[in-house]
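Novice: fold the following for me, if possible:
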Amino acid sequence: MTAPPGRITCLPLTGIGEIRTGDDLATVLGSAGRLHDGDILVVTSKVVSKAEGRVVRGDRADLLADETERVVATRGDTSIVRTHHGLVMAAAGIDASNTEPGTVVLLPVDPDASARALRERIAAGGGPNVAVVVTDTSGRAWRNGQTDLAIGAAGLEVMHDYQGRSDDYGNLLAVTAPAVADEIAGTADLATGKLSRSPAAVVRGLSGLVLAPSEHGPGARALVREESHDMFGYGAREAVLHAVHPDPGALPGFGHPAGPEHLAAALRATCPPATVRARTDGAVEVHLAGVSGPESQRALGAAEARLTTTAHAMGWRRDHGGDPADIPPPGMDVRLRFCAPVP
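Specialist: Alright, predicted model coming up:
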């Protein structure tokens, strides 16, 4: 980590005009403002998409499914989805503003690759060594309003991890990791604004963050949290619905499976009369005693459904195979076995 910068300036690039498919974006941006070694060029994904031919006819509702990996939450006409890039965004980042009526702009297919190509094009023929950040606007859970964040990056370490270091008081830092690329994206958005038709800005004073020409860095993809570590993979309603109607394909949204002991504790809390034990082979077994009679059978059926739902919400699946003794005959008790999905 380099020393803190003394002064940071952010200059919008103006007079760029409309970008169309096939335009040489590096030349257009270079003509709008002189670039220097150590600059960070921040470009909106919209102009990158326009240059790459990602403007299509149609409306967002019709195109949403193709841009969606899975739905995270819906409320009325608003859909929050996880895109094929791993980004969680409203309407998959499909944008109907600042484009011809009847068309929408899709996100770049690979924003990191777009940033690398733009950086290399600028450096070609002895041009300056700059970092490139491709941005898009996104809302945040728990916060009103939107801010720009980095969806593509090249020539920049996108995050600084302070884990294991100590502050001035000797306290050990455990989870301090500033998302530098996102901070730069937000800074540039303050300079360009949303209505100025300025799709790019240059950030100066952070040359210590710019990598050597031969190094592109991990890209903004490194800022996307792995689904196994995502504690908020579904909206509150959607999490309930996916648990009530178990679907193995929905398991990624529940994050990394809970450990056997955590699952066992949850199953005991869900159905206190049940006997729950974690097996040495990694499975978790449940035994719920019952008696004959239709009322008892209905109660056992309801308990079985609650236990299965709880296990699914903890990232486990019910194992319907194995020992025939696990399948209770009518009027007898319930024996269930749950297995964590194979990574």
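Novice: which strand residues bridge Thr135?
Specialist: Bridge pairing for Thr135 (DSSP bridges) gives the partners Thr44, Ala150.
Novice: please tell me how far it sits from Gly17.
Specialist: 19 Å (CB to CB, to the nearest Å). C-beta: built from backbone N, CA, C; applies to glycine.
Novice: more neighbours: which of these two?
Specialist: Neighbour count, other CB atoms under 10 Å: between Thr135 and Gly17, Thr135 has more, with 31 against 11.
Novice: doesn't Leu41 make contact with the more buried one?
Specialist: No. Thr135 is beyond contact range of Leu41, at 10.9 Å (criterion: CB atoms under 8 Å).
Novice: just for the stretch 101-250 of the chain, where's the confidence low?
Specialist: Counting by pLDDT under 70, the stretch 101-250 of the chain shows low-confidence ranges at 163, 195.
Novice: Glu183 should be in a strand, yeah?
Specialist: No. Counting by DSSP: H, G, I helix; E, B strand; the rest coil, Glu183 falls outside a strand, being helix.
Novice: ok, it - how many residues close by?
Specialist: 15.
Novice: how much space between it and Leu223?
Specialist: 11 Å.
Novice: next: Ala289.
Specialist: 50 Å.
Novice: more neighbours: which of these two?
Specialist: Leu223 (20 against 13).
Novice: that one and Arg318, how far apart?
Specialist: Separation of Leu223 from Arg318 (CB to CB) stands at 35 Å.
Novice: residue ranges for the helices of the stretch 151-300 of the chain, please.
Specialist: Assigned by DSSP state H, counting those that start in this stretch, the stretch 151-300 of the chain shows helices spanning 180-192, 236-244, 260-270, 294-313.
Novice: the strands in the protein, which residues?
Specialist: 9-13, 40-44, 55-57, 68-75, 78-83, 88-90, 103-105, 131-140, 143-154, 200-204, 275-278, 284-288, 317-318, 334-339 (DSSP state E).
Novice: which one is Ala191 nearest to, not counting chain neighbours?
Specialist: Excluding the flanking residues, the one nearest Ala191 by CB to CB, 6 or more residues apart in numbering is Cys10, at 4.2 Å.
Novice: ok, how many other residues are close to the one you found?
Specialist: Neighbour number of Cys10 under other CB under 10 Å is 18.
Novice: if I look at it, how far off is Ala92?
Specialist: 29 Å.
Novice: for Asp182, same thing?
Specialist: From Asp182 to Ala92 the distance is 19 Å (CB to CB).
Novice: and the two? which has more neighbours close in?
Specialist: Each of Asp182 and Ala92 has its neighbours counted (other CB under 10 Å); Ala92 has more, 26 against 22.
Novice: shouldn't the more buried one be in contact with Val81?
Specialist: Yes. In terms of CB under 8 Å, Ala92 counts as a neighbour of Val81; the distance is 5.1 Å.
Novice: common neighbours of the two, please.
Specialist: Leu64, Glu67, Thr68 (CB atoms under 8 Å, 6 or more residues apart in numbering).
Novice: pretty sure the last one is touching Val81, no?
Specialist: Okay, so that is Thr68. Yes. Counting by CB under 8 Å, Thr68 touches Val81, with 4.3 Å between them.
Novice: the two - which one has more neighbours?
Specialist: Neighbour count, other CB under 10 Å: between Thr68 and Val81, Val81 has more, with 23 against 18.
Novice: what about the residue lying closest to Leu156 once chain neighbours are set aside, neighbour count?
Specialist: Spatial nearest neighbour of Leu156, excluding adjacent residues (CB to CB, 6+ apart): Ala131 at 4.0 Å. The local packing of Ala131 (other CB under 10 Å) involves 27 other residues.
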